[in-house]
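Enquirer: predicted structure and sequence below. I'll ask about it afterward.
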Amino acid sequence: MNLSVMRKTVQGALFFLMVYGGYWLGPYTTDKLSKALPALSCAYDPLSADYCALVPLQHQIHHGLERVFAGQMPVWMALLPIAITLGTFLVLFVLFSKAFCGWVCPLGFFQDMLGIIGQKLGLQGKQSLTDSTVDKIRPVKWLMLSLLVFGFPLLAAAGYVDEAWGAPFCAVCPSRIMTTLMTGSTDQLYVDSASASLTGLSIVGVFLFGLVISLGLTVRQPFCRICPMLALQAIFRKVGLLRLVKNATPRCDKCGLCANACPMDIREIHTEMHKHDITYPDCTLCGRCVEFCPDDKVLQLRYAGLPVFSSSSQYFKDRKQSQKQWETISLANLHRKPKAPQEIQ
């Protein structure tokens, strides 16, 4: 079993835990495991085993600071639950770092499955996006975090915007619609006409969910690129025990297979020749770059400084062969003679 197959297996198991955990593991699980998960597991799914840290952060900023502005609560009492949420998030993040995105997030797994369907239908290209497009998209995740998770809830608490903006990221998050649909509920797939703000936010949410599905068939990990959870993790990435490490060699200049394999199109994995820790803000620690590095120990996933998975020439040969076999399978050409294997992405 190669690393990609192992990751899909882990993702699938955790998807069922995060979406259906309360059903499979009993009512105590629905009390949630941490309530501050560093992945987009949704609180609107009543059977979820846990929900993401962005949910309590928005509500604690909105409702807690609202009482501070009204003179009903001292500042420290409003900041304490925010500190507990961030502290819980930080403890979990130190243990598993940005692997919460690449190995745990239900929405990440959903996009991976869309990508596989897109590949098999011949809809997905070898390289998702150009370098200039990637550069333009990268700041969006920081805007999403600063405005939708912290900014608007704070403005709602101060009374500058209406209550609908108290939890705006949840209102537009595609994980809310995806996870509830997966449980057979259509309750979150609607346009709220209670106010102009709610109408606008719910339209954006439905549109974004549709966009994730359509883009997910042709572009690798479309929502991950603008996800505020990715930005929040990037702030703390230096304290995570799991990291992507590079021991660059002169051959790296002429290669680039690692960047081609990266689902987030992080070209710096290829071009960086001096830094040792290359856990970039957009990295999800999926490990595909390590799998497709043809040189021994040039790229490694390290936990607390110890290598847990290293690139090797033999693994690369086996992985390339399995990738070629995988790419000969096409849903679009089942009725046709199989084409010659394509190069790896």
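Expert: Received it, and whenever you're ready, just let me know what you need.
Enquirer: in a strand, L244, correct?
Expert: Yes - membership of L244 in a strand is supported by DSSP: H, G, I helix; E, B strand; the rest coil.
Enquirer: so it bridges to which residues?
Expert: L301 (DSSP bridges).
Enquirer: can you name the residues that contact it?
Expert: Going by C-beta atoms under 8 Å, 6 or more residues apart in numbering, L244 touches 269, 277-280, 283, 285, 289-290, 299-302. From N, CA and C alone the C-beta is placed, and that goes for glycine too.
Enquirer: make a markdown table from these and add distance to V55, neighbour count and secondary structure to it.
Expert: What follows is the contacts of L244, written out as a markdown table (distance: C-beta to C-beta, whole Å; neighbours: other C-beta atoms under 10 Å; DSSP: H, G, I helix; E, B strand; the rest coil):
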| residue | distance to V55 | neighbour count | secondary structure |
| --- | --- | --- | --- |
| I269 | 32 | 25 | helix |
| D277 | 30 | 13 | strand |
| I278 | 31 | 19 | coil |
| T279 | 25 | 22 | coil |
| Y280 | 26 | 19 | coil |
| C283 | 24 | 25 | coil |
| L285 | 23 | 23 | coil |
| C289 | 31 | 27 | helix |
| V290 | 32 | 27 | helix |
| L299 | 35 | 23 | strand |
| Q300 | 34 | 19 | strand |
| L301 | 29 | 22 | strand |
| R302 | 31 | 18 | strand |
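Enquirer: from those residues, pick the one nearest G22.
Expert: Each of those was scored against G22 by C-beta to C-beta, and L285 proved nearest at 27.7 Å.
Enquirer: show me what contacts that closest one?
Expert: Neighbours of L285 in contact, by C-beta under 8 Å, 6+ apart: 97-99, 101-103, 242-244, 279, 301.
Enquirer: relative to its centre, which residue of this structure is most distant?
Expert: G71 (38.3 Å; C-alpha atoms, centre = their mean).
Enquirer: need the contact list for it.
Expert: Counting by C-beta under 8 Å, 6+ apart, G71 has no contacts.
Enquirer: before we move on, back to that, of the contacts of L244, closest to D50?
Expert: L285 (19.3 Å).
Enquirer: what about M1, how many neighbours?
Expert: Residues near M1, counting by other C-beta atoms under 10 Å, number 7.
Enquirer: please enumerate the helices of the stretch 151-300 of the chain.
Expert: 152-158, 168-172, 174-182, 196-216, 228-235, 257-261, 268-271, 288-291 (DSSP state H, counting those that start in this stretch).
Enquirer: which SS class is the residue lying closest to V75 once chain neighbours are set aside?
Expert: By the measure of C-beta to C-beta, 6 or more residues apart in numbering, the closest residue to V75 outside its immediate chain neighbours is V68, 5.5 Å from it. What three-state DSSP gives for V68 is helix.
Enquirer: I84 versus V68, what's the distance?
Expert: Noted for V68: a distance of 17 Å to I84, by C-beta to C-beta, to the nearest Å.
Enquirer: higher neighbour count, the two?
Expert: Between V68 and I84, V68 has the larger neighbour count (other C-beta under 10 Å), namely 17 against 14.
Enquirer: and the more buried one, what does it touch?
Expert: Residues counted as contacts of V68 (C-beta under 8 Å, 6+ apart) are 74-75, 78, 157.
Enquirer: any chance of the backbone angles for V308?
Expert: Dihedral pair for V308: phi -110, psi -20, per degrees, to the nearest 10.
Enquirer: which non-adjacent residue is nearest the spatially most central residue of the chain?
Expert: By C-alpha atoms, centre = their mean, the chain has its centre lying nearest to C101, at 4.0 Å. Of all residues not flanking C101 in the chain, T284 sits nearest, at 3.8 Å (C-beta to C-beta, 6+ apart).
Enquirer: how about A304?
Expert: L241 (4.7 Å).
Enquirer: hmm, V94 and the one you found touching each other?
Expert: Yes - using C-beta atoms under 8 Å, L241 is in contact with V94, at 6.1 Å.
Enquirer: show me the contacts for K246.
Expert: By C-beta under 8 Å, 6+ apart, the contact set of K246 is 252, 269, 272, 275-276, 278, 298-300.
Enquirer: what about Q325, how many neighbours?
Expert: If you count neighbours by other C-beta under 10 Å, Q325 ends up with 10.
Enquirer: tell me what the helix or strand containing it is packed against?
Expert: Using DSSP states H and E, Q325 maps to helix 313-327. Counting contacts by 3 or more C-beta pairs under 8 Å, 6 or more residues apart in numbering; DSSP states H and E, helix 313-327 is packed against helix 288-291.
Enquirer: apply 7 Å and report the result again.
Expert: Using 3 or more C-beta pairs under 7 Å, 6 or more residues apart in numbering; DSSP states H and E as the contact criterion, no helix or strand is in contact with helix 313-327.
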